[in-house]
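Q: the sequence isn't on hand, but the structure is:
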């Protein structure tokens, strides 16, 4: 009988006991800016840009970064709570020991990014793009991932829990070290052959069977 795969929980972000309240717009004064031990609120206009931003030990509370452009951003020990990150564009960035809770990431682009010890919980991330990104010890929990693009992404010891995943694209993705799917809607995945090495709970298997059959040209009749 196969052994159930268990994966360690992502390490939680470590925030300082004292955070300085800071206007979010101040993040965008210059490229290669550094933000330490701050709590951000407010919002920035779509298209606001900061190249090489380094954010460490910070919290974003109901902050608005919708449409912002952050190439090469580095986010470590950060929390996002109830934030609007729709259409955010982060390319070749790094996100380490982070938590995103109840955030809107619809249409956000995280191309070529590296995620380690990150939890996405209760987020709406439909139509988001994570192409060529790398995930290690990452959890997606209670998220709407409808039509998310994970093309050519790499997953190591990751979990998808109770997520909507209709139409998610896994083409050319790699499941190094495994990934676990539990309580997820797996109907209509593309690139399903890239799930090799993943663990799928029995209750989720029906949708996956139909998707596999469609990929192989098999018709399932009642």
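A: The structure has been received and is ready for your questions. Fair warning: this is a prediction, and the values are worked out from it, not measured in the lab.

Q: quick one: the helices in this protein?
A: 205-215 (DSSP state H).

Q: mind checking which helix or strand of it has the lowest mean pLDDT?
A: helix 205-215 (a mean of 64; mean pLDDT, DSSP states H and E).

Q: so who does the nearest residue to residue 106 once chain neighbours are set aside touch?
A: Leaving out its chain neighbours, the residue that sits closest to residue 106 by CB to CB, 6 or more residues apart in numbering is residue 86, at 4.5 Å. Where you see a C-beta, it was placed from the backbone N, CA and C, and this is true even at glycine. Going by CB atoms under 8 Å, 6 or more residues apart in numbering, residue 86 touches 66-67, 104-108.

Q: shaky segments in the chain?
A: 1-6, 27-29, 204-222 (pLDDT under 70).

Q: show me the beta-bridge partners of the closest residue to residue 35 other than its chain neighbours.
A: Nearest residue to residue 35, sequence neighbours excluded (CB to CB, 6+ apart): residue 55, at 4.5 Å. Here residue 55 sits in beta bridges with residue 35, residue 75, going by DSSP bridges.

Q: against residue 103, how distant is the residue nearest to residue 106?
A: Residue 86 sits at a distance of 9 Å from residue 103 (criterion: CB to CB, to the nearest Å).

Q: over to residue 11?
A: For residue 11, the distance to residue 103 equals 20 Å [CB to CB].

Q: and residue 133, what does it touch?
A: Going by CB under 8 Å, 6+ apart, residue 133 touches 110-115, 150, 153-154.

Q: try 7 Å
A: Contact partners of residue 133, counting by CB atoms under 7 Å, 6 or more residues apart in numbering, are 110, 112-115, 153.
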